[in-house]
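Q: Sequence and predicted structure are below.
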Amino acid sequence: MKKISFLILIATLALVSCTDNSAVNTAFLKYGHRKGVVSITVPGFVVRFAAKFADLEREERQLLSSIDKVKVLTVEDNYLNEDIDLHAEFYNSINKDGRYEELLSMKSDDEKVTIYGKMVDEDVIKEMVVLVGGDDNALIYLKGHFSTQMINKVIDDSDYHDFMSLNF
């Protein structure tokens with residue numbers, strides 16, 4: 001019985017860490033184990049639990065409650081950051097099957113950021129991928145059920161300098 005319980009636990013953890021996007025999986029497999037790279041997977045129930053205790057506005061708590069999974073891959077080592085450009089490496093493969101829409105694209109001299117969304121309909125986002133490359137490298141994968149009105153409300157109520165500021 002203990003062996004079966006252990007196998008069920010391992011299988012559940014493996015499924016929680018998988019995504020629907022093969023490019024995201026490839027990035028995590030290729031870089032997640034390297035020294036100087038931080039790789040984090042947080043299941044939705046942990047995010048929802050934390051949202052209950054955080055000092056948040058109602059709309060922010062509602063947005064966090066809609067998250068089913070968060071995966072973050074970020075390059076912390078400065079020397080490794082010079083050799084890796086996640087945006088250049090995975091930009092074309094993230095949406096090779098055309099299931100994602102490009103929601104935002106920002107390019108400057110030293111950094112590129114693209115946010116992709118997999119839409120259920122025009123008002124609901126099922127998955128989001130944030131791809132950052134250049135001086136800083138990160139890949140963030142969010143799975144859930146995000147209404148565009150909910151996201152707009154959180155953005156409108158927040159200081160735009162602080163919204164989604166990711167200090168890794």
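A: That came through fine.
Q: For this protein, give me the ranges with low pLDDT.
A: Counting by pLDDT under 70, the ranges of the chain that qualify are 1-20, 154-168.
Q: Please enumerate the strands of it.
A: Using DSSP state E, the strands of the chain run over 37-43, 67-75, 101-107, 111-121, 124-134, 138-147.
Q: For V70, which non-adjacent residue is closest in space?
A: V42 (4.5 Å; CB to CB, 6 or more residues apart in numbering). (C-beta placed from N, C-alpha, C; glycine too.)
Q: Show me what the nearest residue to F146 once chain neighbours are set aside is bridged to.
A: Distances taken as CB to CB, 6+ apart put I125 closest to F146, at 4.4 Å, once the chain neighbours are dropped. I125 forms beta bridges with M119, F146, as assigned by DSSP bridges.
Q: got the contact list for I125?
A: Listed by CB atoms under 8 Å, 6 or more residues apart in numbering, the contact set of I125 reads 103, 117-119, 146-148, 151.
Q: picking that back up, what about the residue nearest to V70, neighbour count?
A: 14 (other CB atoms under 10 Å).
Q: rewinding a little: take the contacts of I125 and lay them out in TSV including neighbour count and distance to V24.
A: Compiled in TSV, these are given as follows (neighbours: other CB atoms under 10 Å; distance: CB to CB, whole Å):
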residue	neighbour count	distance to V24
L103	16	16
G117	20	13
K118	17	11
M119	15	17
F146	21	17
S147	15	23
T148	15	22
I151	19	20
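Q: how close does Y31 sit to K118?
A: Going from Y31 to K118 by CB to CB, to the nearest Å gives 22 Å.
Q: about what we covered before: distance of the residue nearest to V70 from Y79?
A: For V42, the distance to Y79 - CB to CB - is 28 Å.
Q: Kindly report the same for V130.
A: According to CB to CB, V130 and Y79 sit 24 Å apart.
Q: A23 now?
A: Taken as CB to CB, the span from A23 to Y79 is 25 Å.
Q: Between these two, which has more neighbouring residues?
A: A23 (22 against 8).
Q: Quick one: closest of the strands of the chain to D85.
A: strand 124-134 (4.4 Å; CB to CB).
Q: Pull the CA coordinates from the closest one and hand them back as PDB.
A: The C-alpha trace of strand 124-134 is given here as PDB (Å, rounded to 0.1, in the frame of the first residue of the first chain):
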ATOM      1  CA  VAL A 124     -10.900  34.500 -21.000                       C
ATOM      2  CA  ILE A 125      -7.200  33.500 -21.100                       C
ATOM      3  CA  LYS A 126      -6.500  29.900 -20.300                       C
ATOM      4  CA  GLU A 127      -2.700  30.000 -20.400                       C
ATOM      5  CA  MET A 128      -0.100  32.800 -20.500                       C
ATOM      6  CA  VAL A 129       3.600  32.600 -21.300                       C
ATOM      7  CA  VAL A 130       5.900  35.500 -20.500                       C
ATOM      8  CA  LEU A 131       9.200  35.200 -22.400                       C
ATOM      9  CA  VAL A 132      12.100  37.500 -21.500                       C
ATOM     10  CA  GLY A 133      15.500  37.600 -23.200                       C
ATOM     11  CA  GLY A 134      18.500  39.800 -23.400                       C
END
